[in-house]
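Novice: structure for the following, please:
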Amino acid sequence: MSARSNGNPALTILTLASGASIVTTQRSKRFHSAKRVHRAKQILTSCLAIACFASDALQRDCIAVDPDKKSSYAIKDLDGHFPFAVPATKEAWEKRAEELRMQIEVSLGLFPKPTLAPIRPVIHSAQLKDGYTIEKVYFESLPGLFVTGSLYRPLEKKSASKDGSNIKRPAVLCPHGHWPNGRFYYTSDDEAKRDLASGAERFESAAHSPLQARCVQMARMGIVVFHYDMLGYADSQQISMQRVHGFGLHGPNPEVGADRWLLYSPKAEGMLQNILGLQTINTLQSLEFLLQMPDVDPARISITGASGGGTQTFIASAIEPRFAGAYPVVMVSTSMQGGCTCENATGLRVDTGNVEIAALTAPRPLGVNAANDWTRDMARDGFPELKRLYGLYGAEDRVNLHVATHFPHNYNHVTRVVMYGFMNKLFGLGLPEPILEQEFDVLKGDQMTVWDKDHPSPPGGIDFEADLLKRWSDDVAKKIAASPDIRSQGWKAILQPAERIAASLKVVRETEGDARWSIVNADGSKVGSVFIKPSAGQSIRSVHVLAGRKPESDSPHDATVILEDAWGIDVGTSVQSLVKNPRPAPCYTYGYNPPLFLRRLAVLIALADAKPEGSEKWVWAANGAESSLVAAADALRPDRISAVKLDPQGFEFDRIDSIRDAYLLPGAVRFGGLKGLMEPHTTSKQ
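Specialist: Next up, the predicted model:
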């Protein structure tokens, strides 16, 4: 720690090794009277401003604290701006990429990965078409949860290698996105005519079903294609369309009884159980399905989808390196990040966005596009950053942008032709380009459904959903209980946003009568205070942590840390704001913003990092729910917090019953609750 006065007796800046700063101010006694407090504030602010102006180095450290200052912070929603800041070096990016993949896997409930069902596909009812076959497929993903879809295979015989064995084919996964009826999508004659007239489509068959068109054309190119259902669409009805894609529009969650819960509930968020996680599990299991097919080349598998299918594409490619490349359509941008509950999860886009997540595909080939939707600005905001990122690998030519902003949100023929060229190069097919489609036999839903009297549909509904979540929870709980390392990594991941917030905070010390510290945000607004009991003098033994409430007059503690509700959020002691969205799903708020718990935790971390005099001997005390904040601070700063005195008074994360509760912390239940957070180090310090 270093100190400098800058020649001004009213100001001392203490710069700590951690990078935090303590600003010490000394005020003349003439300002101590109540009638001159406002004038004192003005003079102090002026002194600080003059000192800051005099030295650039000093400007980074000094902060003028105005207790009445309103925060400029606003909670972020999916329609915000999510720029990608490219690291300076490949090494810095790979460190960031490792952290980001962990963030994604944790937010989707994939760390640790649940026990998946063995892939035992049922493939039936093959139909012979012009240059390809189409078959009906279903298999289990999680035990009891089924993936359903259509399998397209090239019809022509494969050539043989020199040893007489068949040459394996490339394969592509096709998640469909939010087209009505999904895999069964079939437009009206009027809609088809409009697409033909606009140039969006070339043939009537593709105009009726652009989803089938891409599968058929790739099969005709010699590619195996699996076109599978998103949850709630077509044959995937175990969790309904209303539950998956329309939660909250038809009322709240129904009651399901004791020790059972549903998606979107506080318990489900505590367990990191969400639709996007389930859908991603289905995608990864679909990859396993392709990998076990004897005629598929495991080194040549890609994925492409549009809209919600585009989200599935870049999410899956980000965390699964076995995809040789990816082509997400009309979803990668710095603007709108995904409007459906199936595209969002708590923690997923905190301090990140779709462009950076898509960048995790690097250095594998990646194709993106721009249409007349939220992707329209990709050419100037998003793609240049992807190009720079790929440049770190010397692979600028492996990322491509197709701009067709004269078309709205789509995966039309113009866009598909570019994708065919991408797959042609990726797989080394050697086909002449451009690769154009031909007419094909369009199938309707009753011709495509995988369920019939010999293949009955599995059970579904609310009870199925509750049972599925309970089985998933019990399975993961066993894995976490058996591995302290998994539990520790999980807690580190869900608490990580607090570290980034803490790095932006400053601790300000004012040597007045009650020896008061303040913790201030980057915009100068106050987010925490430390009050010293007059009787304590300079000998502080115990510090009591309170959140959003005043210290008790008869407190036995020498000091009190008040965690104030700031950041511009309209909160009380037990309620925090949600973003404005007609669907009251937690992912829309906590998918983009750290919960209040982590903001309050950041204040404690900043205070611990500042190491006020004598703090190495402090006993950090808390009661009730506030005990969880101190336990979390101790988990992140075990070397800075020497002793704790906690009395949870029955508080536990799994008892939270509102997504607006100030102590809602997504993932806390999954990784053992308060007990899992405290063990082993915090428990030993009491």
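Novice: how many neighbours does residue 459 have?
Specialist: By the other C-beta atoms under 10 Å criterion, the neighbourhood of residue 459 contains 10 residues. Yep, even glycine has a C-beta here, placed from its N, CA and C like the rest.
Novice: Three-state assignment for the nearest residue to it once chain neighbours are set aside, please.
Specialist: Here the nearest residue to residue 459 in space, its sequence neighbours aside, is residue 238; by C-beta to C-beta, 6 or more residues apart in numbering that works out to 7.2 Å. The local conformation at residue 238, judged by DSSP: H, G, I helix; E, B strand; the rest coil, is coil.
Novice: contacts only, for residue 366.
Specialist: With contact set as C-beta atoms under 8 Å, 6 or more residues apart in numbering, residue 366 has these partners: 317, 325, 326, 327, 358, 386, 390, 398, 399, 400.
Novice: and residue 368, helix, strand or coil?
Specialist: When the structure is split into helix, strand and coil by three-state DSSP, residue 368 lands in strand.
Novice: so the closest residue to it other than its chain neighbours is in which element?
Specialist: For residue 368, the nearest residue in space outside its immediate sequence neighbours is residue 332; the separation is 4.6 Å by C-beta to C-beta, 6+ apart. Under DSSP states H and E, no helix or strand contains residue 332.
Novice: count the neighbours of residue 332 for me.
Specialist: Residue 332 has 31 neighbours, counted by other C-beta under 10 Å.
Novice: okay, strands next: where are they in the stretch 551-686 of the chain?
Specialist: Counting by DSSP state E, counting those that start in this stretch, the stretch 551-686 of the chain has these strands, from start to end: 559-563, 619-623, 643-647.
Novice: now do the contacts for residue 601.
Specialist: By C-beta under 8 Å, 6+ apart, residue 601 lies in contact with 495, 498, 629, 632, 633, 636.
Novice: before we move on, back to that, the residue nearest to residue 459 touches residue 148, doesn't it?
Specialist: No: with contact taken as C-beta atoms under 8 Å, residue 238 and residue 148 are classed as non-touching, separated by 9.6 Å.
Novice: so between those two, which is more surrounded?
Specialist: When residue 238 and residue 148 are compared on other C-beta under 10 Å, the one with more neighbours turns out to be residue 148, at 25 against 21.
Novice: surely the more buried one meets residue 235?
Specialist: Yes: counting by C-beta under 8 Å, residue 148 does reach residue 235; the two are 3.8 Å apart.
Novice: between these two, which contacts overlap?
Specialist: With C-beta under 8 Å, 6+ apart as the test, residue 148 and residue 235 both reach 138, 229, 450, 451.
Novice: just the buried ones from these?
Specialist: Members of those that pass the buried threshold by neighbour count (16 or more other C-beta atoms under 10 Å) are listed as 138, 229, 450.
Novice: contacting residues for the first one?
Specialist: Residue 138 makes contact with 121, 122, 146, 147, 148, 149, 235, 450, 455 under the criterion C-beta under 8 Å, 6+ apart.
Novice: wait, is it part of a strand?
Specialist: Yes: if the criterion is three-state DSSP, then residue 138 is within a strand.
Novice: for the residue nearest to residue 459, what are its contacts?
Specialist: By C-beta under 8 Å, 6+ apart, the residues touching residue 238 are 145, 146, 231, 458, 459, 460, 461, 464, 465.
Novice: top of the contacts of residue 601 by neighbour count?
Specialist: residue 633 (28 neighbours).
Novice: leaving out chain neighbours, which residue sits closest to that one?
Specialist: Beyond its immediate neighbours in the sequence, the residue positioned closest to residue 633 (C-beta to C-beta, 6+ apart) is residue 604, lying 4.0 Å away.
Novice: just the pLDDT at that neighbour, thanks.
Specialist: For residue 604, the model assigns a pLDDT of 96.
Novice: OK, contacts around it?
Specialist: Neighbour list for residue 604: 528, 545, 561, 563, 629, 630, 632, 633 [criterion: C-beta under 8 Å, 6+ apart].
Novice: ok, residue 185 next?
Specialist: When contacts are counted by C-beta under 8 Å, 6+ apart, residue 185 touches 176, 179, 209, 210, 211.
Novice: compare those and tell me which is most surrounded.
Specialist: residue 176 (28 neighbours).
Novice: turn the contacts of residue 604 into JSON lines, including distance to residue 377 and pLDDT.
Specialist: Rendered in JSON lines, the data for the contacts of residue 604 read as follows (distance: C-beta to C-beta, whole Å; pLDDT from 0 to 100):
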{"residue": "528", "distance to residue 377": "38", "pLDDT": "88"}
{"residue": "545", "distance to residue 377": "45", "pLDDT": "94"}
{"residue": "561", "distance to residue 377": "44", "pLDDT": "91"}
{"residue": "563", "distance to residue 377": "39", "pLDDT": "87"}
{"residue": "629", "distance to residue 377": "40", "pLDDT": "97"}
{"residue": "630", "distance to residue 377": "45", "pLDDT": "97"}
{"residue": "632", "distance to residue 377": "39", "pLDDT": "97"}
{"residue": "633", "distance to residue 377": "41", "pLDDT": "97"}
